[in-house]
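fold the following.
(2 chains)
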Amino acid sequence: NAGVMQNPRHLVRRRGQEARLRCSPMKGHSHVYWYRQLPEEGLKFMVYLQKENIIDESGMPKERFSAEFPKEGPSILRIQQVVRGDSAAYFCASSPPGGRYGYTFGSGTRLTVV
Amino acid sequence: AQSVTQLGSHVSVSEGALVLLRCNYSSSVPPYLFWYVQYPNQGLQLLLKYTSAATLVKGINGFEAEFKKSETSFHLTKPSAHMSDAAEYFCAVDTNAGNMLTFGGGTRLMVKP
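Next comes the predicted model:
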């Protein structure tokens, strides 16, 4: 039973390019969460999705960031026109319905903007 | 709104010594509490969780934590540190909204030989 799969593990983008981060939840998990970890900081919640629905996006920056979790395929976190301040580790977590019993995290995507 | 405070961003212990990592939370409703460990360049691994059953929770790798409502604390302990315990530890709280975990700032544990 594979865990939460994130790809790529490392992503380098030039300023102004787009970054697409993918997350496949654990089998049987229908809830996906995205967190960002800035250097030397804890994890900050970004967005919570269920299939085809954004449930809570209170932690998403208002511009350039978007997330989706389509009926088929992985969840995608998309960052348009990246800037140096977007450099961070982005973690995806998934949980079964109910969600309160601890999430399973992926290994993260480390985005570097040059 | 809930919040989590981890006292001490860096903790250093000698191998074989007691490990104590502190976590205090604030929540307006009974919380679910978690400890995660993060090894360098890896994701977060669940160590243990409190979900309103027994107040003393045992986790993996010999770690345990005690929920103390009167102190709003959920400190993580291990009787004897091992070199392989060196990592970053995060305390997190989830209230019954169930939408997200709120993390503390993390504590980096260093183990000296």
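
contact residues of chain A facing chain B?
With Cβ under 8 Å from any Cβ of the partner chain as the criterion, chain A meets chain B at residues A:4, A:6, A:33, A:35, A:41-45, A:48, A:55-56, A:59, A:91, A:93, A:98-108, A:110. Every residue, glycine included, has its C-beta placed from N, CA and C.

any chance of a ChimeraX selection covering the buried ones in these?
Applying 16 or more other Cβ atoms under 10 Å in any protein chain shown to the residues of chain A next to chain B, the buried members can be selected in ChimeraX as follows:
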select /A:4,6,33,35,42,43,45,48,55,56,59,91,93,99,100,102,103,104,105,106,107,108,110
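
of the residues of chain A next to chain B, which belong to helices?
Assignment to helices by DSSP state H places none of the residues of chain A next to chain B there.

restricted to strands, list the residues of chain A next to chain B.
A:6, A:33, A:35, A:43-45, A:48, A:55-56, A:91, A:93, A:104-105, A:110 (DSSP state E).

which residue is nearest the centroid of chain A?
Nearest to the mean C-alpha position of chain A, by Cα atoms, centre = their mean, lies A:W34 at 3.7 Å.

so who does the nearest residue to that residue once chain neighbours are set aside touch?
Of all residues not flanking A:W34 in the chain, A:M46 sits nearest, at 4.4 Å (Cβ to Cβ, 6 or more residues apart in numbering or on different chains). Contact partners of A:M46, counting by Cβ atoms under 8 Å, 6 or more residues apart in numbering or on different chains, are A:Y33, A:W34, A:Y35, A:R36, A:E57, A:G59, A:M60, A:F65, A:A67, A:L77.

quick revisit: of the ones in strands among the residues of chain A next to chain B, which pair is most distant in space?
Farthest apart among those by Cβ to Cβ are A:I55 and A:R110. That separation is 26.1 Å.

mind checking which helix or strand of the chain has the lowest mean pLDDT?
As the question left the chain open, I've gone with chain A. strand A:104-105 (a mean of 90; mean pLDDT, DSSP states H and E).

chain B is the one I meant
Across the helices and strands of chain B, the lowest-confidence element by mean pLDDT, DSSP H and E is strand B:102-103, at a mean of 90.

next, count neighbours for the residue nearest to B:R22 when sequence neighbours are not counted.
Excluding its sequence neighbours, the residue lying closest to B:R22 (Cβ to Cβ, 6+ apart) is B:L7, at 4.2 Å. Around B:L7 there are 14 other residues, counting by other Cβ atoms under 10 Å in any protein chain shown.

what sits opposite B:K49 in the beta ladder?
Under the criterion DSSP bridges, B:K49 forms beta bridges with B:F34.

ok, now A:V113?
A:V113 forms beta bridges with A:R13, as assigned by DSSP bridges.

and what of A:A93?
Using DSSP bridges, the bridge partners assigned to A:A93 are A:Y33, A:F105.

residue ranges of the strands in chain B, please?
B:3-5, B:10-14, B:19-21, B:24-26, B:32-38, B:44-50, B:56-58, B:64-68, B:73-78, B:87-94, B:102-103, B:107-112.

tell me the contacts of the nearest residue to B:I60 once chain neighbours are set aside?
Using Cβ to Cβ, 6+ apart and skipping the chain neighbours, the partner closest in space to B:I60 is B:L47 (5.9 Å). Neighbouring residues of B:L47 by Cβ under 8 Å, 6+ apart: B:F34, B:W35, B:Y36, B:V37, B:G59, B:I60, B:N61, B:F63, B:L76, B:Y89.
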